[in-house]
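Need a 3D model of the following:
(4 chains, ligands or ions: 6)
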Amino acid sequence: MVNTIAISQARVTEHNFVAPNIKRLALQAPGIARQAQPGQFVNMRCSPTLDPLLRRPFSINRIDPTSGTISVLYKVVGRGTELLANIHRGDSIDVLGPLGTGFELKPQGRKVVLIAGGIGVAPFHPLAEQLVNTGYDVTCLAGARCDEEFAELNDLAELGVEMYCATEDGSRGEQGRVTNLLENTLHKRNFDMAYACGPNAMLAAIKQICGRAQLPLQLSLEEIMACGLGVCLGCTCEKEKENGFLHVCTDGPVVWAEEVKL
Amino acid sequence: MVNTIAISQARVTEHNFVAPNIKRLALQAPGIARQAQPGQFVNMRCSPTLDPLLRRPFSINRIDPTSGTISVLYKVVGRGTELLANIHRGDSIDVLGPLGTGFELKPQGRKVVLIAGGIGVAPFHPLAEQLVNTGYDVTCLAGARCDEEFAELNDLAELGVEMYCATEDGSRGEQGRVTNLLENTLHKRNFDMAYACGPNAMLAAIKQICGRAQLPLQLSLEEIMACGLGVCLGCTCEKEKENGFLHVCTDGPVVWAEEVKL
Amino acid sequence: MDEHSTRYTVHGGEKASEPQVKSGLRTAESDSRLTTSLCGIKLNSPILSASGTYGYGKEFSRLYDLSLLGAVVVKGITLNQRAGNPGRRLIETPAGLINSIGLENPGLEGFISQEMPFLREQGVPVIVNISGNTPEEYAALAERLDEEPGVSALEVNISCPNVKQGGMAFGVTCDMAAQVTTIVRSRTNLPMIVKLSPNVTDIAGIAQAVEAEGADCISLINTLLAMAIDIHTRKPLLKNTFGGLSGPAIKPVALRMVWQVAGAIKIPVIGMGGISSWQDAMEFILAGASAIAIGTANFVNPYVVPEIHAGLSKYMEEQGVKNISELVGAARINR
Amino acid sequence: MDEHSTRYTVHGGEKASEPQVKSGLRTAESDSRLTTSLCGIKLNSPILSASGTYGYGKEFSRLYDLSLLGAVVVKGITLNQRAGNPGRRLIETPAGLINSIGLENPGLEGFISQEMPFLREQGVPVIVNISGNTPEEYAALAERLDEEPGVSALEVNISCPNVKQGGMAFGVTCDMAAQVTTIVRSRTNLPMIVKLSPNVTDIAGIAQAVEAEGADCISLINTLLAMAIDIHTRKPLLKNTFGGLSGPAIKPVALRMVWQVAGAIKIPVIGMGGISSWQDAMEFILAGASAIAIGTANFVNPYVVPEIHAGLSKYMEEQGVKNISELVGAARINR
Ligand SMILES: Cc1cc2nc3c(=O)[nH]c(=O)nc-3n(C[C@H](O)[C@H](O)[C@H](O)COP(=O)(O)OP(=O)(O)OC[C@H]3O[C@@H](n4cnc5c(N)ncnc54)[C@H](O)[C@@H]3O)c2cc1C
Ligand SMILES: Cc1cc2nc3c(=O)[nH]c(=O)nc-3n(C[C@H](O)[C@H](O)[C@H](O)COP(=O)(O)OP(=O)(O)OC[C@H]3O[C@@H](n4cnc5c(N)ncnc54)[C@H](O)[C@@H]3O)c2cc1C
Ligand SMILES: Cc1cc2nc3c(=O)[nH]c(=O)nc-3n(C[C@H](O)[C@H](O)[C@H](O)COP(=O)(O)O)c2cc1C
Ligand SMILES: Cc1cc2nc3c(=O)[nH]c(=O)nc-3n(C[C@H](O)[C@H](O)[C@H](O)COP(=O)(O)O)c2cc1C
Ligand code: FES
Ligand code: FES
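Ligands and ions are numbered 1, 2, ... in the order given. Predicted coordinates for the structure are as follows:
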């Protein structure tokens, strides 16, 4: 799918908090914007120095080939993201992409559901955009610990996505986990295809639920990465059907649920 | 001399180019400003990460106990100073000081000469200020490769220092080295005390010239440092009169010329 | 600003090519100051890929022309296919990386059928890194690869555990290192590079033992044995407890070992360990390395190979040196 | 914002003391969760200074109360005064530092007369690090220090070159390591800590040899042998070519060695090598270190000791662990 990988010192065009611990970083990166597919990711250096040494992978959260910009939506969780959060508009950052295999964009049927856990919502905006534009009915179930950990809910709604949410503390939407929300929703409604992104434990639960409901499911996986290119063989995930491993950076990040053991 | 060493995340209050490759960084650091003596230095981290690992030493270039600020004047020469140059006003930086032994502030006689090579001018402003205020006649000879490598000339002049300069390419002042300027000046005028700061080769030449002229001389030395506190024993300079080494961070950076072999 | 403009041309992109950059790259490719040779193999440059950090060349061939390299050193091959280690495989450390890949590879025949056809077409020598659990496995690999067209040399990775000796790596004693060298030597006429483990007291002694058994070249260093602990689960992060440390963190140790080995043997040395810039590469060459390999830096900066190529070219030009081989070991002279 | 407010109280400053920060520091000092013991010495905390990175304690006593430490381990002492190495002594490397200090020190008698009076008054055990060129030099140092009041233990640095064996470090063979241990053991009743060199194939074997000769404790690691080359002058940056690599870069290797040694011997282990945070310290303790030492990090962050102290206290509290000694080697259990 990917013919070209672009690398650049991309200029930061916007960088704002969208939730107390979540920022959106917009970059001038036309080579990436021109080619990126929903579900693909970029691999970014969070510091120009050798510490932290490795790049950090982030889903592509906005793709605008016209203006030549892309965005990532990230949560500050550790050293790399803390350094990233300090980058100023106008600064440059070393970004490599687009990488990996994105979402299935022409699923069978007409009704799809996106299931997001926390910052797992990041890859869904470009996906929803394409699906809505090509005539699908898109519903999104978003879960988070509390209201403050949500992002993108309005943005997705504006695309015409039907939004439902759940928080563990009940501060927004239903109280409970997004998996509960999914089960309740599946009792009432039918879907032809599901997509999920979030922590592994959540993905495992969703895989079970969708399996029981015989709902085709794609997962966007996360794994610690070094190269992002398929050469280090570090980003593995066990295969479901045979011995051996998938490589999240090239076989994924998006995979069919039945391919992986979670 | 130093009773207290302060360490802080000091806020950057100003950070501007004063010459094409030279910046002045002003910091809110009242604990340092309260105690700093001319000739002392600070040891700063240029990055919050482990690369570069070590702090970088810089002479204290302005001391304002009233506002609680200090400045350093630095030349961008390598990785640390490049990172430093990217720090924004309002950011914080980890600074430790004041460190080391400063200049003799009550030299015998009335007429003193300051000799600066390139960025070696950095420690002279606070020194000149004190000397002028306590009634000394202060002359400064400043040398640089070209006009663009000068800093502080006007600032020193404003203090009432008599300024002379030399450039290797003749783009400002006399053509030649500051050592030529010194020799010419010493033919015409008498001084009671000299202070020099600059590259080691220049200091060695000045030591010879002042030795011949029997002019008491203090040098501000530079040496690669790790701790800046006297514990690592890494910042050595050979002693002149006996075997063994001086430690630039504690025995210096300011030393009497006759103490060191250059 | 288009993101390609400051860097290198990306192959295969619609609008990605920018003539002047591309030609800059071409010039670099044909820089005769960087051509050299190693065990009789002609190299376009002294820059090799380090095994296990470059796959089988396909991925990077999409980023730049592989002929910038002196040779592609491929991911370590074993007799049979291996799935590699379960659990976490990568741990970032200060300026370093611990890996526990476990030699995931398609096996000898898989490699030959799936990867060699592509590699043969890249116009760059191919060095096959081989690993075994017994001397016989190394022997079988050597014998089969000896007859495979397009293989320019073997790199024998002796950092593998010797299953007959309780899992101690072959490379940590002179005896075991010599044993593997002897048996491989007897089965191949290809140039034989022996890749040393750095986890030893006397690296020069191991190098001499291996030279005495007929190695044509020594490469070093492989990764330093290392570990990390998760303070929350209170367990080692890796299932196998230990992994291999690579990256800039180990460069000062690697350089010291290259210096020690280059001073102790007559056959050429390939230096590696943390090289991330042309300056790093130059240090290894001055220490006595005839060629250098780039490992972990490929992950940090996928264009590190062309950047080092350009940097070395420029240094040669500025220093007025006709060929890089004149600088091999130059820091050893007049000391 | 005053620069002291976010950190620790600086002693001796006019206005520097800020009550609530000071009391925070005091609480940390008396945290019984961190008290422990080592070879019969009672320690206020498991945090020691690493020899050669802390002078003789004076400088840091101006920054915080030394009784935060379990013990002060002083700069290595030799029989006679040493001026140390000429030329450049420090080289920064990625997340590391190469040093070539050359054991500059005032000599045994100079140390006793100039440094011990101050050290005796700090209310913290003093561990004297000793170095020699011959076994007899170690013996003489041990004998004299045995009778010196205020010395709590000796740390025998066996990374020194054995001048009788061509300059190879004592610590690189079991025989030489054992020889030094035996002779020091015969001359002192003080607890004897033997500090190992990491530049060996089998660190656990050396530890066992040293344990067998009567060492009370093992400390490790000393620095990794390393070098750097100036690509402009084309010469090694250090006059002695090699120096010792320390700092965060070596942490993964140090931790692995501590793990190996702690699993091979019964006497306690002091772990060090790149520790820069309480999380690093905790990894070493979980790997089996009864105490840990802070070296290079003191240069980077002079308040690293109080910060690690506070971090460990907090971790103990959060994890509901009564005493740090319960966590020693905890990562080794149930694997
Ligand atoms: C394909 C892919 C797409 C991703 N997309 C996004 C995104 O759009 N937005 C976002 O906020 N995050 C995303 N992540 C996760 C993101 O890469 C990590 O949060 C980031 O690397 C953490 O870096 P750090 O230095 O701040 O954390 P560290 O200090 O390195 O670690 C902090 C914590 O994060 C965990 N972590 C570190 N690296 C990863 C990783 N690669 N994947 C998962 N957890 C990790 C660590 O185990 C640790 O618990 C994605 C990961 C992958 C693999
Ligand atoms: C007491 C003292 C006061 C100083 N005051 C000033 C000052 O006021 N303004 C200023 O611009 N510089 C000053 N310096 C020099 C300054 O510390 C170095 O320029 C700086 O550390 C270079 O850091 P870097 O990471 O940019 O360079 P690096 O990438 O580390 O090295 C670049 C070049 O600078 C040299 N260098 C590195 N560290 C030092 C050092 N500590 N001393 C001398 N040369 C070094 C290196 O050998 C190399 O040639 C002072 C040095 C000392 C010891
Ligand atoms: C992810 C990874 C995989 C590796 N796989 C191999 C291998 O299969 N065979 C081998 O001989 N060395 C292997 N190595 C070691 C490298 O070839 C190299 O010797 C080492 O990483 C030091 O170089 P560097 O610091 O530049 O990475 C591997 C290293 C890494 C990081
Ligand atoms: C500047 C410096 C001087 C040192 N001097 C000694 C010494 O005199 N005796 C000794 O046993 N170790 C000495 N060491 C080694 C340290 O005690 C420690 O073992 C090593 O640096 C690893 O720890 P670190 O990475 O925390 O610094 C020295 C280290 C440094 C950096
Ligand atoms: S991150 Fe290297 S193979 Fe996936
Ligand atoms: S820099 Fe450490 S003693 Fe001077």
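
and the gap between the residue nearest the centre of chain A and A:Ile22?
By C-alpha atoms, centre = their mean, chain A has its centre lying nearest to A:Pro123, at 3.0 Å. Distance of A:Pro123 to A:Ile22, computed by C-beta to C-beta, to the nearest Å: 14 Å. Every residue, glycine included, has its C-beta placed from N, CA and C.

circling back to that earlier point, contacting residues around the residue nearest to the centre of chain A?
With contact taken as C-beta atoms under 8 Å, 6 or more residues apart in numbering or on different chains, A:Pro123 is in contact with A:38-39, A:41, A:59-61, A:103, A:197, A:220.

Is there a neighbour count for the closest residue to C:Asn162 other than its chain neighbours? I'd like the number.
Computed as C-beta to C-beta, 6 or more residues apart in numbering or on different chains, the closest residue to C:Asn162 that is not its neighbour in sequence is C:Phe170, at 5.0 Å. Using other C-beta atoms under 10 Å in any protein chain shown, C:Phe170 has 28 neighbouring residues.

Backbone dihedrals for C:Phe170, both of them.
phi -50, psi -40 (degrees, to the nearest 10).

ok, it to A:Gly97 distance?
40 Å.

near chain A, which residues of the stretch 151-300 of chain C?
C:247-248, C:276, C:296, C:298-300 (C-beta under 8 Å from any C-beta of the partner chain).

Dump those residues to JSON lines, plus neighbour count, pLDDT and secondary structure.
Shown next, in JSON lines, are these (neighbours: other C-beta atoms under 10 Å in any protein chain shown; pLDDT from 0 to 100; DSSP: H, G, I helix; E, B strand; the rest coil):
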{"residue": "C:Gly247", "neighbour count": "31", "pLDDT": "98", "secondary structure": "coil"}
{"residue": "C:Pro248", "neighbour count": "28", "pLDDT": "98", "secondary structure": "helix"}
{"residue": "C:Ser276", "neighbour count": "24", "pLDDT": "98", "secondary structure": "coil"}
{"residue": "C:Thr296", "neighbour count": "31", "pLDDT": "98", "secondary structure": "coil"}
{"residue": "C:Asn298", "neighbour count": "25", "pLDDT": "98", "secondary structure": "helix"}
{"residue": "C:Phe299", "neighbour count": "25", "pLDDT": "98", "secondary structure": "helix"}
{"residue": "C:Val300", "neighbour count": "21", "pLDDT": "97", "secondary structure": "helix"}
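
Now do the same contact list for the residue lying closest to C:Asp230 once chain neighbours are set aside.
What sits nearest to C:Asp230 in space, not counting adjacent residues and going by C-beta to C-beta, 6+ apart, is C:Leu237, at 5.2 Å. By C-beta under 8 Å, 6+ apart, the contact set of C:Leu237 is C:88, C:91, C:227-230.

Any chance of the backbone angles for the residue of chain C found nearest ligand 3?
Per C-beta to the nearest ligand atom, C:Gly52 is where chain C lies closest to ligand 3, at 1.9 Å. Note on C:Gly52: its backbone torsions stand at phi 90, psi 0 [degrees, to the nearest 10].

So it sits against C:Glu104, correct?
No: taking contacts as C-beta atoms under 8 Å, C:Gly52 lies outside contact range of C:Glu104: 9.4 Å.

Doesn't A:Leu246 lie inside a helix?
No: read with DSSP: H, G, I helix; E, B strand; the rest coil, A:Leu246 is strand and lies in no helix.

Just confirm it contacts A:Trp256, I think it does.
No: using C-beta under 8 Å, A:Leu246 is not in contact with A:Trp256, being 10.5 Å away.

who has more neighbours, the two?
When neighbours are counted by other C-beta under 10 Å, A:Leu246 and A:Trp256 differ, and A:Leu246 comes out ahead with 20 against 13.

Return the set of residues that bridge with the more buried one.
A:Cys237 (DSSP bridges).

what's near enough to touch it?
Applying C-beta under 8 Å, 6+ apart, the residues near A:Leu246 are A:236-239, A:252, A:255, A:259-260.

and the nearest residue to C:Lys195 once chain neighbours are set aside, bridged to which residues?
Setting aside the residues directly before and after it, C:Lys195 is nearest to C:Ser219 in space (C-beta to C-beta, 6+ apart), at 4.4 Å. In this structure, C:Ser219 bridges to C:Lys195, C:Ile270 when assessed by DSSP bridges.

What count of nearby residues applies to C:Ser219?
Neighbours around C:Ser219, by other C-beta under 10 Å: 31.

what's the following helix or strand after whichever strand or helix holds C:Glu136?
According to DSSP states H and E, C:Glu136 maps onto helix C:135-146. Counting by DSSP H and E, the next helix or strand C-terminal to helix C:135-146 is strand C:151-157.

by contact count, what packs against that next one?
strand C:126-130, helix C:135-146, helix C:174-187, strand C:192-195 (3 or more C-beta pairs under 8 Å, 6 or more residues apart in numbering or on different chains; DSSP states H and E).

where exactly do the helices run in chain C?
Applying DSSP state H to chain C gives helices spanning C:19-29, C:58-61, C:107-114, C:116-120, C:135-146, C:174-187, C:203-212, C:251-262, C:278-287, C:297-300, C:304-319.

Run through the residues that contact the residue of chain C closest to ligand 3.
With C-beta under 8 Å, 6+ apart, C:Gly52 has these contacts: A:232-233, C:75-76, C:99, C:101, C:129, C:295.

Let me have those residues in TSV, adding pLDDT as columns.
What follows is the contacts of C:Gly52, written out as TSV (pLDDT from 0 to 100):
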residue	pLDDT
A:Cys232	97
A:Leu233	97
C:Lys75	97
C:Gly76	96
C:Asn99	97
C:Ile101	96
C:Asn129	98
C:Gly295	98
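
Return the closest of those residues with respect to C:Thr223.
Among the contacts of C:Gly52, C:Asn99 lies closest to C:Thr223 (C-beta to C-beta), at 7.1 Å.

Show me what the closest one bridges to in the sheet.
C:Leu90, C:Gly244.

Please give me every residue in contact with it.
A:226, A:232, A:234, C:52, C:89-91, C:223, C:243-244, C:246.

Pick out the most distant pair among those.
C:Gly52 and C:Ile91, at 15.7 Å, using C-beta to C-beta across these.

ok, the residue of the stretch 101-250 of chain A found nearest chain B - contacts?
Here the stretch 101-250 of chain A gets closest to chain B at one residue, A:Ala226, 17.3 Å apart by C-beta to the nearest C-beta. A:Ala226 makes contacts with A:54-55, A:232, A:234-235, C:90, C:97, C:99, C:296, C:299, as judged by C-beta under 8 Å, 6+ apart.

how about a cut-off of 7 Å?
A:54, A:232, A:234, C:90, C:97, C:299 (C-beta atoms under 7 Å, 6 or more residues apart in numbering or on different chains).

which intervals of chain C have sub-threshold pLDDT?
C:1-30, C:334-335 (pLDDT under 70).

now swap in the stretch 1-150 of chain A and tell me
Ranges of the stretch 1-150 of chain A meeting pLDDT under 70: A:1-3.

Okay, strands next: where are they in it?
A:6-19, A:22-28, A:41-44, A:56-59, A:62-64, A:69-75, A:92-99, A:111-117, A:137-144 (DSSP state E, counting those that start in this stretch).

what comes up buried for the fifth one?
The neighbour-count criterion (16 or more other C-beta atoms under 10 Å in any protein chain shown) identifies A:62-63 as the buried residues of strand A:62-64.

Which strands or helices does that strand pack on?
strand A:69-75, helix A:124-133 (3 or more C-beta pairs under 7 Å, 6 or more residues apart in numbering or on different chains; DSSP states H and E).
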